[in-house]
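Novice: Sharing a model that was predicted from the sequence below.
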Amino acid sequence: MPKAKAKPAEPKQRKSDRTRDEFKAAARRVFARSGYLSAKINDITREAGKSAGTFYLYFTDKEDLLRALIEEFYAELPHNIALAGNGASDPMEAIEDGLRGYWNAYQKYQADIVGIFQAAMVDPAYEQIWREIRASGIRMTAHSIRRMQDDGACPGVDPTLLASALCGMVEFACYNWVSRRIDFKEREIEEEEAIQALLAALRGTLSYRPPAAKPARRRIR
């Protein structure tokens, strides 16, 4: 009976990349569950089913691992949000496209976003990263608000200030509804119902026009 052929050895580089990816996937699960600041390297290695010694072959510390996660997230999120609104002729359509892009990215990179936000509270380098991420959404939203103001909506309102407020609302809603840590521990929010609720709030704000001035009453003498 012929001997079975030995399975070819996995290339060292491919195995190394796979191990690194397993650590990143484990970190995302731990960060999503416990938060970045509370997570320990032992939590991550246990989640990955690897030893602490193996961890240090790929990352110098928890901050180094977070930077590796950010590289993936940061390359995709601002780019996708910007692209989402580029082809829209209607400013509200551009905002909706950007909102959908952000929601989808948040679901995929929830742990990264929470990690960046928590790290930004204690580290100026991560604070700058968080500012840059927000700036991308604020620029796109402010551009759409200016176009709406040309048609008479939201008169007298600073478009960048309004964009900052609206982006903050969306960011917190995404965190709240995806993580379910605050309002909806027992309820999973479906994508479309989340999008429609946020769009209702955005449309209500961005369609505001001041009431027409009432004609002065003529006094009867």
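Specialist: Received the coordinates, thanks.

Novice: Which helix or strand lies directly C-terminal to the helix or strand where Tyr102 lies?
Specialist: In this structure, Tyr102 sits in helix 91-120 according to DSSP states H and E. As assigned by DSSP H and E, the chain's next helix or strand after helix 91-120 is helix 124-150.

Novice: ok, back up a step: please identify the buried residues of the helix holding Tyr102?
Specialist: 91-92, 94-103, 105-106, 109-120 (16 or more other Cβ atoms under 10 Å). For the C-beta atoms, the positions are set from N, CA and C on the backbone; glycine is no exception.

Novice: Please export the C-alpha coordinates of stretch 182-201 as PDB.
Specialist: Extracted in PDB, the C-alpha atoms of stretch 182-201 (Å, rounded to 0.1, in the frame of the first residue of the first chain):
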ATOM      1  CA  ILE A 182     -26.700  51.400  27.700                       C
ATOM      2  CA  ASP A 183     -30.200  51.600  26.400                       C
ATOM      3  CA  PHE A 184     -30.900  48.200  24.700                       C
ATOM      4  CA  LYS A 185     -29.200  45.400  26.500                       C
ATOM      5  CA  GLU A 186     -31.900  42.900  25.500                       C
ATOM      6  CA  ARG A 187     -32.600  44.200  22.000                       C
ATOM      7  CA  GLU A 188     -30.600  43.900  18.900                       C
ATOM      8  CA  ILE A 189     -31.000  46.900  16.600                       C
ATOM      9  CA  GLU A 190     -31.400  46.000  13.000                       C
ATOM     10  CA  GLU A 191     -29.400  48.100  10.500                       C
ATOM     11  CA  GLU A 192     -32.300  49.500   8.600                       C
ATOM     12  CA  GLU A 193     -34.300  50.600  11.600                       C
ATOM     13  CA  ALA A 194     -31.200  52.300  13.000                       C
ATOM     14  CA  ILE A 195     -30.500  54.100   9.700                       C
ATOM     15  CA  GLN A 196     -34.100  55.200   9.500                       C
ATOM     16  CA  ALA A 197     -34.200  56.500  13.000                       C
ATOM     17  CA  LEU A 198     -31.000  58.500  12.500                       C
ATOM     18  CA  LEU A 199     -32.200  59.800   9.200                       C
ATOM     19  CA  ALA A 200     -35.500  61.000  10.700                       C
ATOM     20  CA  ALA A 201     -33.500  63.000  13.300                       C
END
